[in-house]
Each structure stands twice: as C-alpha cells, then as structure tokens.
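> sequence and predicted structure below; questions after.
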Amino acid sequence: MKKIFYQALLIILTSCICLNSTILSAEQNIHIAMLLWRGETAAEAGFLAGLEEKGYTVKYSIFDADQNLKKLGLLLAEMSRNIDDYDYAYTFGTTVSRRTKVVVNQRIPQIFNVVTDPVGAGIVRSMKATGGRISGVSDAIPISLQLESIVEVMEVNKLGLFFNPREKNSMLIRRDLYEQAKKNNIEVTDFRSPPTENALEKNLQQLVNNPTLVDVVFLPSDSFLVSKAPLIGRKLLEGGIKSFGSSEEYIAGGVLMGIVVDYFSLGKSAAAIVDNHLNGKELQDIPVEIPSDYHLMINNQTRKLLGISLAESLQSKAILYD
C-alpha cells in the first residue's frame, strides 16, 4: 500500500514539474542583443510583436551600426565582452549577420533576419540544416519572378543595375540577375554605387543627363541603396526613367514598382524560430524561413507622371501605393 502511495505521489510531482516548466517556458524572461544595420525597421517591430504575442518577457539591447562598418566592429566587440548577458543575438541583413556569426562563434544562439542568400553569404550550411546554433529568415524573391514582372509592364532591352559592391548580398543578386537577363536577351549595364565619393549621386545624374542609356533601372534589396530610396526615386523620376525595386521602401520613395515582401511578417517568422528553439528544438534543425507571399506594388503617382497604363488584370493583383 505504501509503495502504491509513493508511486502515485511521484506521478503527481512529475506532472507538476512538467506543468511548471511549460508555464516557465511561456513566461520566460529573455535578453536579446539586437544588432542592426540601419536602425529599427518593420522587421524588428514584427519580431518584438511576435515574441510578445507568444507570452515572452523580453529585454532588448540595441546595437545600431548606422551603416558604418567601423562602428559595427566596435559594437560587436562591446557585445562580445558581455556575451554571457544575452540569450540570443538577433541580426538584421547580410553584412551584420555575417560579421556577427564570426564574433559570436556559436557561444549564444543567433537569429538572422532579412538575409537574401544566407547560404551564398556563408551564414548557414544549407537552408534546411543550418550547421550550428543559428537560423533565421530570408527575404529572397526569385530574380526570375522579378524580371517577369518588369517585362509584363514595360518594354525592356537595356536594364540598368544599381548595386553596392561592398555588400555580399548585392553581389549575389547581381550574379543571378545577369544569368536571368541573358535567358531573356536583356542587356545589363552596371552602375556601381558604393557608399563613398558620391558614387550613387553621380550615377543618378548620369542617367538624368542621358535617360536613353537604359530602359529600366533595377534596384536590389541592398541596405545602403534602400536607405537612399527617396533620393533614387526623385532623381529617376526627374529623368523620366522607369524603375523596379526589391523592397517596399523603394516604392514608398518614388520608385515605379517592385515585387516586395512584408518586413513585419518576416519579423514574426523570426520570433517563431525563437519560440521553437525555447520549446526544445535545436536551431540547426530549424530550416531557414523563406517567404511565400509576394506582392506586386506600384507607386501610382510615379506611374501617372511617367504616363504608364496598366492592364486591368495587373491592377487587380497589384497594391497601389498613393
């Protein structure tokens, strides 16, 4: 009888411990180092909202490099000195994610966000098996789909590519764009636009002065170029040049159109990865999240000023930005 009593007591205690750890998991306090490249974006807002919805109490320490590699190095050194204070490192973009991975060196889990090609950038081993204490979210939109959208709306034989040669992400997109453009008999002209010596401004002015150099300008998902979206949109419109951007911020800045993903949703996907990890799944077994929901977005004011007409079928599926 006594043996049965102790067995029953053991079952009750075990149940309580399991219930307790479930409650602790849902209410867990976590400290996240937020390593950013160009300030807080909708991706971070989605990340914070996603963790809050799942019941976590989170302390955030913000490290914003402000698009400065030297500052990023100093911030990473500061974070590394106090790495035991953090449960996670959240990283935005390819540049920050690559450098953080080297510094963190698997001492704490890393969650990256808005990285177009994490395999090509050397951040993960593969999209399905990351190869360490790291996983995250890609913002990749197939180049083939983007070119299809350009051709559907505009006649294009000469495509101007603005890119930042200092960003790995930009170079990977350039490689893919050249491959796809060749298949479509489209000639690509490079406009190298690093964040030095007013290269971007000079390239934009060159096009304003000679708008027939290209039929359409293509703008990749590159943090430096995205941060200059209002300047780019204004100058291209001044030259009457059609444009296509891979980020919603381009279209908001005056670029004609683009296939875009919702940064807020990407942030919530990153939060879901943290939740899965805290509930016992190894990060190396959590595949990189790839967006499946793309939107064609058109700046309606730019469209009207350029005198472009849209087929009804295109208008019905596009998001018009006014």
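Cool, the structure landed.

> residues near the nearest residue to residue 286 once chain neighbours are set aside, how many?
Leaving out its chain neighbours, the residue that sits closest to residue 286 by CB to CB, 6 or more residues apart in numbering is residue 135, at 4.4 Å. Placement of C-beta: from N, CA and C, glycine included. By other CB atoms under 10 Å, 30 other residues sit near residue 135.

> those strands in the protein, which residues are they?
Counting by DSSP state E, the chain has strands at residues 29-36, 57-64, 88-92, 110-113, 134-136, 158-163, 187-192, 216-219, 242-245, 257-260, 295-299, 318-321.

> possible to save those as JSON lines with mean pLDDT and distance to residue 81?
What follows is the strands of the chain, written out as JSON lines (pLDDT from 0 to 100; distance: least, CB to CB, whole Å):
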{"stretch": "strand 29-36", "mean pLDDT": "98", "distance to residue 81": "12"}
{"stretch": "strand 57-64", "mean pLDDT": "97", "distance to residue 81": "12"}
{"stretch": "strand 88-92", "mean pLDDT": "99", "distance to residue 81": "14"}
{"stretch": "strand 110-113", "mean pLDDT": "99", "distance to residue 81": "17"}
{"stretch": "strand 134-136", "mean pLDDT": "99", "distance to residue 81": "21"}
{"stretch": "strand 158-163", "mean pLDDT": "98", "distance to residue 81": "35"}
{"stretch": "strand 187-192", "mean pLDDT": "98", "distance to residue 81": "37"}
{"stretch": "strand 216-219", "mean pLDDT": "98", "distance to residue 81": "38"}
{"stretch": "strand 242-245", "mean pLDDT": "98", "distance to residue 81": "39"}
{"stretch": "strand 257-260", "mean pLDDT": "95", "distance to residue 81": "38"}
{"stretch": "strand 295-299", "mean pLDDT": "94", "distance to residue 81": "42"}
{"stretch": "strand 318-321", "mean pLDDT": "91", "distance to residue 81": "44"}
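
> quick one, which of those gets closest to residue 286.
strand 134-136 (4.4 Å; CB to CB).

> parallel or antiparallel, list what pairs with the closest one.
When sheet partners are counted by DSSP bridges, strand 134-136 sits next to strand 110-113 (parallel).

> which other residues reach the strand it pairs with?
Strand 110-113 has contacts (CB atoms under 8 Å, 6 or more residues apart in numbering) with 43, 47, 88-93, 97, 100-101, 104, 118, 123, 133-137, 266-267, 270, 273-274.

> for residue 257, see how far away the residue most central in space within the chain is.
When CA atoms, centre = their mean is applied to the chain, the residue found nearest the centroid is residue 114 (1.6 Å). Computed as CB to CB, to the nearest Å, the residue 114 to residue 257 distance reads 20 Å.

> right, I'll call it a day here.
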